[in-house]
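Visitor: requesting a structural model of the entry that follows:
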Amino acid sequence: MVDRSVAHQLILVADDEQTVREIVRKYLEKEGFQVIEAQTGPEVLQSLYQNRPDLIVLDIMLPGLDGLTIMRSLREPVDVANSDTSTIPVIMLTARTTEEDRITGFELGADDYVVKPFSPRELVMRVKAVLRRGEASGPASDEATVPLDFGSLALDPNTRTVTQAGYVIELTAKEFELLWFMARHPRQVFSRTQLLDKVWGYEFFGDESTVTVHIHRLREKIEPDPSKPVYIHTVWGVGYKFEVIAPAP
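Guide: Numbers count the residues shown, from 1 in each chain. Below is the predicted model of the structure:
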């Protein structure tokens, strides 16, 4: 077991390329993180038996068990290690670049997505940003714990649940955080860069398509007709806003 009583947070780096693991380890340890490595999918699961990492850098193309399959296991309420891994942040690391690949990773609950070849410094910044968001995700005030009700749509930050007409809508952690942030600022317009900064915790080097993908997925899940949004609206040339506006007949 890894002793983290006085050490910094523990990062699990899972990649089948030794050079990648060594470079990522070097940069993370330089920033004070503890690092453990896994070369195959089964090794990732074995690591979860022995240590619960604070964040996982997970390559999709792992031998033995691919990263997407591992993501599904992680986001189950109780995983094979018989411990709750559903809230462990995950940054997907992959050579795949298509939007469909990003959508799949986000649908399974990935917190971020880094495409190879990548800058190790940028990866470290993303690790820090994701961990900061996790530390700040707890309610900061009494106001932040009050559920929001928009008629048929209701959000409860205490249970992190969303219901539409009484039915629970399954959202990933990041989808909930994005919706909750926008719903707490109704009618305010945010650019994609601002949403990256406020919800993901970083700016400048972030991929703005991450926001686009999450907005698309949210609309599919909460809008009665995604082509005619009632809640999440596009402000052309600027960004997005949350406002309950029934579409014109």
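Visitor: so Leu58 belongs to a strand, correct?
Guide: Yes - counting by DSSP: H, G, I helix; E, B strand; the rest coil, Leu58 is found in a strand.
Visitor: contacts only, for it.
Guide: 12, 14, 44, 67, 70-71, 90-93, 110 (Cβ atoms under 8 Å, 6 or more residues apart in numbering). Glycine gets a C-beta too; all of them are placed from N, C-alpha and C.
Visitor: 10 Å instead?
Guide: The neighbours of Leu58, taking Cβ atoms under 10 Å, 6 or more residues apart in numbering as the test, are 12-15, 38, 41, 44, 66-68, 70-71, 74, 90-94, 105, 110.
Visitor: for Val20, pull up the helix or strand it's in.
Guide: Per DSSP states H and E: Val20 is located in helix 18-30.
Visitor: so for that helix, mean pLDDT?
Guide: For helix 18-30, mean pLDDT rounds to 95.
Visitor: can you give me the buried ones in it?
Guide: For helix 18-30, burial by neighbour count (16 or more other Cβ atoms under 10 Å) applies to 20-21, 23-25, 27-28.
Visitor: now the next helix or strand after it, how far from the centre of its chain.
Guide: Counting by DSSP H and E, the element after helix 18-30 in chain order, helix or strand, is strand 34-38. Relative to its chain's centre, strand 34-38 lies at 20 Å (Cα atoms, centre = their mean, to the nearest Å).
Visitor: mean confidence for the helix or strand following strand 34-38?
Guide: Where DSSP H and E defines the elements, the next helix or strand beyond strand 34-38 is helix 41-50. What helix 41-50 shows for mean pLDDT is 88.
Visitor: report the angle between helix 41-50 and strand 34-38.
Guide: 140 degrees (axes from the mean of the first three to the mean of the last three Cα atoms, to 10 degrees).
Visitor: perfect, that will be all.
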